[in-house]
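Novice: Make a model of this:
(2 chains)
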Amino acid sequence: MKPIVRFAPSPTGELHIGGARVALFNYLFAKKYSGEFLVRIEDTDLQRSKNKYRDQICDSLKWLGLKWNRDSFIQSKNISRHRSTIDQLLLSGKAYKCFATKEELDLIRKKTNSYAYPGTWRNRSQKDILKQENKSKPYSIRLKTPEKGETSFLDKVYGRISVKNAEIDDFILARSDANKSPVYNLVVTVDDHDMNITHVIRGEDHISNTIKQILLFQSLGWSIPQYVHLPMILGSNGERLSKRHGATGVQSYQKMGYQPEGLLNYLAFLGWNPGTNEEIMKLDRLIETFDLDQIQKKSAIFDEKKLNWISGQHLSTQSAKQIFDDIKGIDTKWGSSYHDKYILSVIDLLKSRMNSIVQLIDNSSYFFEDLATYDKNIINDIWKKDTSSVLESYMKVIVKIDEWNSYDLEDHTKNFMKQYDIGFGKLMKPIRFILCGVLNGPPLFEIMELLGKDIFIKRVENALEVI
RNA sequence: GGCUCGUUCGUCUAGUGGUUAGGACUCCAGGUUUUCAUCCUGGCAACAGGAGUUCGAUUCUCCUACGGGCUACCA
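Specialist: Residues are numbered from 1 along each chain as shown, chains lettered A, B, ... in the order given. Model (predicted):
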């Protein structure tokens, strides 16, 4: 049987890193077994749900490359089906109307210091209920959960999880508002059933909801899907990942210059591993090697350092063309007045030592514009008494080169240094500095080749004048 | 408080009833390099604690500690 899985975010905020990982695991599992990966927008909390967020989440999913099958499913559109299911439960006596107000219950909770619903309306007579209804009192609808025995399920990651039924509250199925709006657990159960979901892959924070949903499946006589709960992602201090830990949204990572390939790779390895030492994987390879059995039970701490490393590994093996496309996604102006061929060469020169495309952009300025100023501290450091005169003699030699390529440049430079008995650092450092403004970067002769003879002369002459 | 889940280097993890407990990131030290943020080599660094089972436990069991999640008319 082909698996059908779903990623079910609520549109109350942008897609965050934890959600992206849940989506990824769903996607990997579906693709691995040629199943379907569906997206369901859980917007039953109308107060907090926003179309803006729905669109943002879908955009982020697309950006990550996690394409879903069919149209995304909007939960609120299925409301009549949710209602009729509740009616069915009411009719069969498996659910009941509860006239206790929230305030009332809060009071009782405070008094008894117990969080449990006291069951006030669980076994009321038909007469009592009718009396309230005739007075048009608002009521919510609760599931009549069993009092004895226990409910359990076999989680693919956590194993058997069981809870005594006595511990499970008669939870609410529908709110007491005018619409009798259905609540999460009911809605999820109905939709998972209607969508023929075979495997529910979601965060570990849903384990206790799972028990409630199973009770619902049982009350409705529906078959229960397989459950796969994923460990949480924690912030650096071991607490749940939140804004306090810095960026949590997928969009922020996009803006920071991370690419889907590296981000996905890192996220996959948070709580999972292929059982080998292989660490750098593209999406296809992740699908190939993915296995539910290798999922960790322990929650994992998000580590930006490792993300940087993985991201850098991907960046250095990607084609300049692909990197350029990704850069266009965040900065349309970058390199825009230059030929593509030149830009691609710039990327090829820089990519192996960068961790993100933003970093690449930030370190590329000297390929596109001359230096406006020279850092005094560096000058003091590297500019010796005879530096200017050495440079002048070097210029005379180097401008005569016909073939302006890194091999010939290196050749001639080495000869020059030998001839005048000059050390590498004494010449190369100043050249790098006046060309780039910094003392590190790609091999100098390759920079010189790419920049071209004219720019080289211009920058050296300018520097000799100014410094 | 109740329920539930978890605990191997700082972090992500591999692993077994007998191992020098392996790898990766970070950090540190060398090397390469005109330079470095690339690359190479090396180093630091862990089985939460206690009891039990056992010839032997990091591995199995129990307890404790610590941590996470849930405990809504949120999802």
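Novice: from here on, contacts and neighbour counts on C-alpha atoms
Specialist: OK.
Novice: Tell me the buried residues in stretch A:240-250?
Specialist: Residues of stretch A:240-250 classed as buried by neighbour count (16 or more other Cα atoms under 10 Å): A:240-241, A:248-250.
Novice: Endpoints of stretch A:261-280, how far apart?
Specialist: One end of stretch A:261-280 to the other measures 10 Å (Cα to Cα, to the nearest Å).
Novice: that older thread, looking at the buried residues of stretch A:240-250, which are in helices?
Specialist: Assigned to helices by DSSP state H, the following of the buried residues of stretch A:240-250 qualify: A:Val250.
Novice: Widest-spaced pair of the buried residues of stretch A:240-250?
Specialist: A:Arg240 and A:Val250 (16.4 Å; Cα to Cα).
Novice: Return the residues in contact with A:Asn165.
Specialist: Under the criterion of Cα atoms under 8 Å, 6 or more residues apart in numbering, the neighbours of A:Asn165 are A:145-151.
Novice: sorry, that was for A:Pro138
Specialist: A:99, A:176-178.
Novice: and the spatially closest residue to A:Lys32 that is not a sequence neighbour, how many residues sit next to it?
Specialist: Leaving aside its chain neighbours, A:Lys32 sits nearest to A:Ile287 (5.3 Å; criterion: Cα to Cα, 6 or more residues apart in numbering). Using other Cα atoms under 10 Å, A:Ile287 has 19 other residues around it.
Novice: Same check on the one 3 residues further on?
Specialist: Here the count is done by other Cα under 10 Å, and A:Phe290 has 21 residues near it.
Novice: mind listing what it touches?
Specialist: A:28-29, A:32, A:274.
Novice: one step back: cross the contacts of A:Asn165 against helices and list the overlap.
Specialist: Using DSSP H, no member of the contacts of A:Asn165 sits in helices.
Novice: Among these, which one has the most neighbours?
Specialist: A:Thr145 (20 neighbours).
Novice: Contacts only, for A:Arg122.
Specialist: A:96-98, A:144.
Novice: One more: A:Gly452?
Specialist: Applying Cα under 8 Å, 6+ apart, the residues near A:Gly452 are A:Trp404.
Novice: one more time with 6 Å
Specialist: Not one residue lies near A:Gly452 by Cα atoms under 6 Å, 6 or more residues apart in numbering.
Novice: and what of A:Gly35?
Specialist: Applying Cα under 6 Å, 6+ apart, the residues near A:Gly35 are A:2-4.
Novice: For stretch A:124-144, buried residues please.
Specialist: Counting neighbours by 16+ other Cα under 10 Å, stretch A:124-144 gives A:129, A:138-144 as buried.
Novice: I'd like the mean pLDDT over that stretch, please.
Specialist: Per-residue pLDDT values over stretch A:124-144 give a mean of 94.
Novice: one step back: now the contacts of A:Phe290 in a markdown table, with secondary structure and neighbour count?
Specialist: What follows is the contacts of A:Phe290, written out as a markdown table (DSSP: H, G, I helix; E, B strand; the rest coil; neighbours: other Cα atoms under 10 Å):
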| residue | secondary structure | neighbour count |
| --- | --- | --- |
| A:Leu28 | helix | 26 |
| A:Phe29 | helix | 25 |
| A:Lys32 | helix | 17 |
| A:Pro274 | coil | 17 |
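Novice: Around RNA strand B, which positions in the stretch 1-150 of chain A sit nearby?
Specialist: A:9-10, A:42-45, A:48, A:99-102, A:114-117, A:139-140 (Cα under 7 Å from any atom of the strand).
Novice: So A:Asp169 versus RNA strand B, what's the distance?
Specialist: From A:Asp169 over to RNA strand B the distance is 8 Å, taken as Cα to the nearest atom of the strand, to the nearest Å.
Novice: Apologies, that question was intended for A:Ile382.
Specialist: 11 Å.
Novice: Skip the chain neighbours and tell me the closest residue to that residue.
Specialist: Nearest non-adjacent residue to A:Ile382 (Cα to Cα, 6+ apart): A:Pro430, at 6.7 Å.
Novice: how many other residues sit next to the one you found?
Specialist: 24.
Novice: Give me the buried stretch members for the host helix or strand of it, please.
Specialist: When elements are assigned from DSSP states H and E, A:Pro430 belongs to helix A:424-436. Under the neighbour-count criterion of 16+ other Cα under 10 Å, helix A:424-436 has A:426-427, A:429-436 buried.
Novice: Just the closest of the residues you listed to RNA strand B, please.
Specialist: A:Lys429 (5.1 Å; Cα to the nearest atom of the strand).
Novice: I'd assumed A:Ser356 was in contact with A:Tyr258.
Specialist: Yes. Under the criterion of Cα atoms under 6 Å, A:Tyr258 makes contact with A:Ser356 at 5.3 Å.
Novice: Mind checking which of those two has more residues around it?
Specialist: A count of neighbours by other Cα under 10 Å puts A:Ser356 above the other of A:Tyr258 and A:Ser356, at 28 against 24.
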